[in-house]
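>>> Here you go, sequence then predicted model.
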Amino acid sequence: MCNNVGLKRVEGNNAPNTNNMERSRLYNIMPEGLDTYQVESLHSYLLRLAEKHVVPVWILLEKEVAYLFSKEFLKEYIKKRQTNHVHYINSCTEITEDYLNALEIVTTRELSKLTLLNGRGLFSIKRNMIRKNRAWCPLCFESWKEEGKEIYEPLIWNIELMKYCPDHFVPLDDKCYSCGKKNKFISSSQQVGHCGKCGNWLGKENVEEYKELDEWDLWCISNFKQILEFLQQSNNIPLRHFPNQIVKMLVNQYTDGNVSEFSRILNVSMISEYVMDRSNITFEKLLNLSFYFQTSIVDLIHFKPIDKSNINLSAIDNLENRQHSYYNVTPEEVRKELQTILDSEQIPPLSMAQVIKLSKYSTYILYKHAKDLCEEITSKRKAHFLRQKEIKLNQIKYDVIPIVEKLLEEGIYPSEAIVEQRIPYTVFKKELKILIDEIMEELQ
């Protein structure tokens, strides 16, 4: 029987009550793959919705959806067609909720299953589980097209830890075969199954790259298939800190509650932090633990006892390689890596966010052993962009001086609006005003 501690019972989802609603503003199209691991993603549903209405997706968002967003910055993003947020559409964030609520209202359709929202207690909010760019299986696209099926993009393709198609076991692609470019989840001329840059079809009859999947890849595929079906079909969804309760159960069963022994055997750090609820275990680390104990995430959610005779000892290497262990790390090693980055002449200099992504060490380790170097890396990048800004302003000033002089000769006051009309490129008004004031003072 499922232990419901840390699980929330839901009666349906938080979709609008369609019984009491007027006719939908937009077509009430049915999502594909409901209640299966191939469930459609919300961004795919949005793209298909735009196709049914024969309008670009940005126009659909701006005219019919964005006004329902609760966050003003999202409305601005849509107005300016900014794509820096669109990968959150399928995730489990507040941005996801805004898109979901708005689309449910205009379609009167229950759409929460098309996102990871029901799993937000399972997935770390700090780390987005969704890729930043689209990924797809070319064989799926091609087979669906040949069979006359609806073309769509399953949610499972967009999960960052999913590297292979769960059906064909080939690598998921993220670059167009024609133009070689990556695709954001939303772009001006985008259609499902087509490149958002050049418009070419993304399906293929066969693929050249193929390798036999290792245990870890197969474990990821199996678990995400189960998780997506569980989140759609179960009335009990994990709450915050629930993954930590799973860790406590594993510690109790495997080492009789001995946290230090558990950490030592598995070479996994911060177990005591999770047991005490001082920090939340990441989903990837939880998946690694499930791999070691050969017990699926869904079985762990149901507190299924582990089988000590079925431990995957080879998974220890996997845990060590994938989890930036805090053990056996010396300050000298960390400082050497950061000093190399600091001494690099790369332009522009790397940001700390980029360094953390490239480093084999965790954020905690980097700042613990080399906080001063981390701050120097940040300062170096900041100084670079300040210099670039100064160079740019000097160039603009060089172009503005003759314009101001000409206007004064004509007896016209050089206001920002007038000067702006005569500059062959866009300049921020605040910067332009400062430059005009400087020039006027120098000419007096």
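Thanks, I have the structure now. Numbering: from 1, shown residues only.
>>> where does this protein have low pLDDT?
Residue ranges of the chain with pLDDT under 70: 1-22, 124-128, 208-211, 314, 316-328, 362.
>>> residue boundaries of the strands in it?
7-9, 236-238 (DSSP state E).
>>> on contacts alone, who are the packing partners of the last one?
Packing partners of strand 236-238 (3 or more Cβ pairs under 8 Å, 6 or more residues apart in numbering; DSSP states H and E): strand 7-9. Any C-beta I mention is one placed from the backbone N, CA and C, and that applies to glycine too.
>>> Now do the end-to-end distance for stretch 412-428.
Stretch 412-428 has an end-to-end distance of 21 Å (criterion: Cα to Cα, to the nearest Å).
>>> wait, isn't W58 in contact with K184?
No - counting by Cβ atoms under 8 Å, W58 does not reach K184; the two are 11.5 Å apart.
>>> Got the domain ranges for this structure?
10-158, 237-322, 333-443 (automatic domain parsing).
>>> Could you tell me which residues make contact with M30?
Contacts for M30 were tallied using Cβ atoms under 8 Å, 6 or more residues apart in numbering; they are R109.
>>> Apart from its neighbours in sequence, what residue is nearest Q191?
Closest residue to Q191 apart from its sequence neighbours, by Cβ to Cβ, 6 or more residues apart in numbering: E51 at 6.2 Å.
>>> swap in K433?
In space, K433 is closest to E416, 5.2 Å off (Cβ to Cβ, 6+ apart).
>>> Wait, the one you found touches I436, no?
Yes - counting by Cβ under 8 Å, E416 touches I436, with 6.5 Å between them.
>>> which of the two has more neighbours?
Between E416 and I436, counted using other Cβ atoms under 10 Å, the more crowded position is I436 (23 against 18).
>>> Let me have the domains of the chain in CSV, adding distance to Y177 as columns.
Formatted as CSV, the domains of the chain follow (distance: least, Cβ to Cβ, whole Å):
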stretch, distance to Y177
domain 10-158, 8
domain 237-322, 30
domain 333-443, 27
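>>> ok, how many other residues are close to the closest residue to L172 other than its chain neighbours?
Leaving aside its sequence neighbours, L172 sits nearest to A135 (Cβ to Cβ, 6+ apart; 4.2 Å). Using other Cβ under 10 Å, A135 has 22 neighbouring residues.
>>> isn't A135 right next to N158, touching?
Yes - at 6.3 Å, A135 counts as touching N158 under the criterion of Cβ under 8 Å.
>>> Check the contact lists of the two and give me the overlap.
Common neighbours of A135 and N158 (Cβ under 8 Å, 6+ apart) do not exist.
>>> Phi and psi next, for P56.
phi -60, psi 150 (degrees, to the nearest 10).
>>> does it really touch A50, like I thought?
Yes - P56 is within contact range of A50, at 6.5 Å (criterion: Cβ under 8 Å).
>>> who's more crowded, those two?
A50 (22 against 18).
>>> Am I right that that one is in contact with E64?
No - using Cβ under 8 Å, A50 makes no contact with E64, being 9.7 Å away.
>>> Who has more neighbours out of W58 and K184?
W58 (19 against 16).
>>> quick one: contacts for the more buried one?
W58 touches I78, R81, I186, S188, counting by Cβ under 8 Å, 6+ apart.
>>> same deal with E32?
For E32, the contacting residues are Q38, V39, E40, S44, E150, Y152, P154, by Cβ under 8 Å, 6+ apart.
>>> Give me the subset of these lying in helices.
S44 (DSSP state H).
>>> Which one (most neighbours) among the contacts of E32?
S44 (27 neighbours).
>>> Most neighbours of all the contacts of W58, which one?
I186 (23 neighbours).
>>> From K380, how far out is that residue?
Computed with Cβ to Cβ, to the nearest Å, the distance linking I186 and K380 is 34 Å.
>>> for the domains of the chain, which one sits closest to G199?
The closest of the domains of the chain to G199 is domain 10-158. By Cβ to Cβ, the value is 12.3 Å.
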